[in-house]
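1. need coordinates for the below:
(2 chains)
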Amino acid sequence: MKTQDLTKTTHPVIRFLINNAVPILFIVLVAFAIPLSGFSGEYLFREMVTRVSRNSFLVLSLLIPVIAGMGMNFGIVLGAMAGEIGLIFITDWEIVGMPGLLLAMIISTPIAALLGYFAGKILNKAKGREMATGLMLGFFMNGVYQLVVLYSMGKIIPIGNNNILLPRGFGIRNAINLEGVRQVLDNLLSFDIFGIGIPIANFIAIGLLCLFIVWFRRTKLGQDMRTVGQSMEVARASGIDVEKTRLISIVISTILACYGQIIFLQNIGTMNTYNSHEQVGTFAIAALLIGGASVARATIPNVFVGVILFHMVFVVSPRAGKELIGQAQLGEHFRVFVSYGIIAISLALYAWRKQMEKQNLRRQAQAINREALKIQQGSTIGGKES
Amino acid sequence: MVERIQKIVNNVGLPRIIIGLFLLFLLASAPFVGVRIDTSLNDIILRLAMNGILVLSLVPMVKSGCGLNFGLQLGVISGLLGAVISLELNTTGFGGFFLAIGLAIIFATVFGFLYGILLNRVKGEEMVVATYVGFSSVAFMCIWWLILPFKSQDMIWAYGGAGLRTTISVENYWYDALNNFLSFKIGSHITIPTGGLLFFALLCFLVWVFFRTKIGSAMIAVGSNPEFARSCGVNVNRMRLVSVILSTIIAAIGIIMYQQSFGFIQLYMAPLYMAFPAVAALLLGGASVNKVSLKNVIIGVFLFQGILTMTPSIINNLIKSDMSEAIRIIISNGLIVYALTRSSGVRQS
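-> All right, here's what the predicted structure looks like:
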């Protein structure tokens, strides 16, 4: 693995503090904001249980492309769209409960795989700027999604249920009530601890995904991905099909994101047809980065630390803003600022470090050249003397 | 023959050809669905003056190799600050307009300086960093729009008494101040906003002159080959910094021009996605991530705004449903995705 150190000091405590600056900063922030907000511990705990069970799957879906060196996969938005299309269909067919949820996943898997394949193909053409391209691809596909859902559904794609169609006869309504599958996964297996319902089935799904990721890293494919992530040239020289490996990492990530979005939406219970997916990428990536991940390295603990901290800020900041300045709006803006700002800062730090490494390499090379030159000169001078 | 066509397609770019054909189709079908060409033309000319400077603002950064300025919002924010302060000081007409620009330039210089220093640290990753710097600065300013101590009754919320409104009308201040200057009518439906067009032309000319000065050509050298520029004794980082400041300043002027034409100042989250249409217009005009000319700016704005004005009216009439929003999203973001994949291919070969 690449070293992650931001500092050259050898003092272990300072090293730890600097290398984990982002999570520590947020812990301090949250520590100040919680008393200000006046929320009870029980309320916050309940919120966190819900939010961790709801969002972790989506954030976990980001991990595999990081291994392959493709950075934060902004293209998970595409997976989220696929999941939403699945949900639209099962709502139309009025298939409820767990079968409905599973069917939604089954329908959306091939769509997600296809979109992931498309995204992977494009990202392979944009090596070195995967993140910018993935981001724009998300915006682009949003237009295509609108074209499909708002204009072809009910016209070209048969949709019979008038509850989800717009009054004009085609196109899906802005908000869909997911009554049939609302919290079916959460309630499948849940028991109370101190009166707080713990959605066990959700956590089992998340746990299984974690196991899958741990296992996947050890497979041949996972090892190949790691090699590709470290150096494409080395990987190519050792006979790995770089393009294919990168493509697979994006396809897996997109499919996982699709399941993640379905889990997310079954918990929320309603779907904003045209907005639910828009912020998925930004929020998931911000959470992962707040958890201490970087563009080159992201681990499972990063995911959980990140989701808890990010959502703590999310829950607490409007109230804290209201108590502090008297305007809840302020906290609202603050958390939007935090999610964008943290991405900006993390990406900038990463790029800066990469640039420094490059400069150091160049300097080292120059120094070696100089040394070589000196030795050469020395030997020629020495040659004259003898 | 097939080879020649392929070569042309490669040179011009497939998306550009598709969009060009689409625009031709729109123009051709206009008379059949009862859309007046002259009103459309009027809109396009007005929008050229309105959006041209924002697109022009991207040029210095592309020239110096900083890529497409997805952090355009920083310039926009400077412009917004200038505009609201000029309203607060109750200045009207030309005076107010140019006061807003003057103030905006000061803010833009400061923001551009900091932004440029940051971009110099993240060479190679400018675009994605810039995007999120832009987004976060918009969100950051949302906080300030709420708590800055503005007093003007035209700008703050009527009931709450604190914080600026989301949209502020400039009607009583400097609405169309420049557009009405020497404006004249052609026929009954076309009004030429002479002042606006002249101002746009003036800025284009200034940029053109700038890139013929010593410092301008040094900037171009930095953009086309930084190693070579460095060996010639050019300070690469300083040239990039200057280009970023310049881009930010022009963007600040651009947004004030936009407001002057549009009639409203839009605060809070309104500037969030402002960079993308401007970038898309530039790309449609034939620019790429590392190559641009003023010709690209003018052609790009003309084509892009042409599509934006023609699509709603014509598509609505043709298929009786408003698909223009989806088409706009697909066109502008598709162009950007295409450009990002293209340039990397060039760099690899």
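2. please count neighbours and contacts with C-alpha atoms only from this point.
-> Fine.
3. residues in contact with the helix or strand of chain A with the lowest mean pLDDT?
-> The weakest-scoring helix or strand in chain A, judged by mean pLDDT, DSSP states H and E, is strand A:190-193 (a mean of 75). Residues outside strand A:190-193 that contact it (Cα atoms under 8 Å, 6 or more residues apart in numbering or on different chains): A:197-201.
4. and stretch B:141-148, how far out from the chain's middle?
-> On the basis of Cα atoms, centre = their mean, to the nearest Å, stretch B:141-148 sits 24 Å off its chain's mean C-alpha point.
5. outside of that stretch, which residues touch it?
-> The list of residues contacting stretch B:141-148 from outside it, by Cα under 8 Å, 6+ apart, reads A:330, A:333-334, B:77, B:162-164, B:267-269.
6. taking those residues, tell me the two that lie furthest apart.
-> B:I77 and B:A162 (19.9 Å; Cα to Cα).
7. for the stretch 151-300 of chain A, which residues are neighbours of chain B?
-> Taking Cα under 8 Å from any Cα of the partner chain, the part of the stretch 151-300 of chain A that reaches chain B is made up of A:Y151.
8. please enumerate the strands of the stretch 151-300 of chain A.
-> With DSSP state E, counting those that start in this stretch as the criterion, the stretch 151-300 of chain A has strands at A:175-177, A:190-193, A:196-199, A:270-272.
9. quick one, longest helix in the chain?
-> Unless you meant another one, I'm taking chain A. Of all segments of type helix in chain A, defined using DSSP state H, the longest is helix A:328-385.
10. chain B, not that one
-> Max-length helix for chain B by DSSP H is helix B:93-121.
11. what angle do it and helix A:328-385 make?
-> If you take axes from the mean of the first three to the mean of the last three Cα atoms, to 10 degrees, helix B:93-121 sits at 50 degrees to helix A:328-385.
12. look at B:N225 and say how many residues are nearby.
-> B:N225: 13 surrounding residues under other Cα atoms under 10 Å in any protein chain shown.
13. brain fart, B:S224
-> Neighbour tally, B:S224, other Cα under 10 Å: 16.
14. tell me, what's the model's pLDDT at it?
-> Looking at B:S224, its pLDDT reads 85.
15. for it, which residues are in contact?
-> Counted by Cα under 8 Å, 6+ apart, B:S224 has contacts B:63-65, B:290.
16. if we use 10 Å, what do you get?
-> Counting by Cα atoms under 10 Å, 6 or more residues apart in numbering or on different chains, B:S224 touches B:62-65, B:290-291.
17. coming back round to it: looking at B:I77 and B:A162, which one has more neighbours?
-> B:I77 (26 against 17).
18. where's the more buried one, which helix or strand?
-> Element membership for B:I77, per DSSP states H and E: helix B:73-88.
19. then A:V307?
-> Following DSSP H and E, the helix or strand that holds A:V307 is helix A:300-325.
20. quick check: mean pLDDT across that helix?
-> Rounded mean pLDDT across helix A:300-325 is 86.
21. can you tell me how far the residue nearest the centre of chain B is from chain A?
-> Centroid check for chain B by Cα atoms, centre = their mean gives B:L54 as the closest residue, at 2.5 Å. Using Cα to the nearest Cα, to the nearest Å, one gets 20 Å for the distance from B:L54 to chain A.
22. wait, that residue sits on B:M274?
-> Yes: using Cα atoms under 10 Å, B:L54 is in contact with B:M274, at 9.3 Å.
23. what sits in contact with each of the two?
-> By Cα under 10 Å, 6+ apart, the residues touching both B:L54 and B:M274 are B:72, B:76, B:255.
24. ok, B:V209 - contacts?
-> Counting by Cα under 10 Å, 6+ apart, B:V209 has contacts B:203, B:216.
25. ugh, typo on my part, it should be B:N90
-> B:84, B:96, B:152, B:154, B:172-173.
26. over to A:A113?
-> Per Cα under 10 Å, 6+ apart, neighbours of A:A113: A:78-79, A:82, A:119, A:248, A:250-256, A:258.
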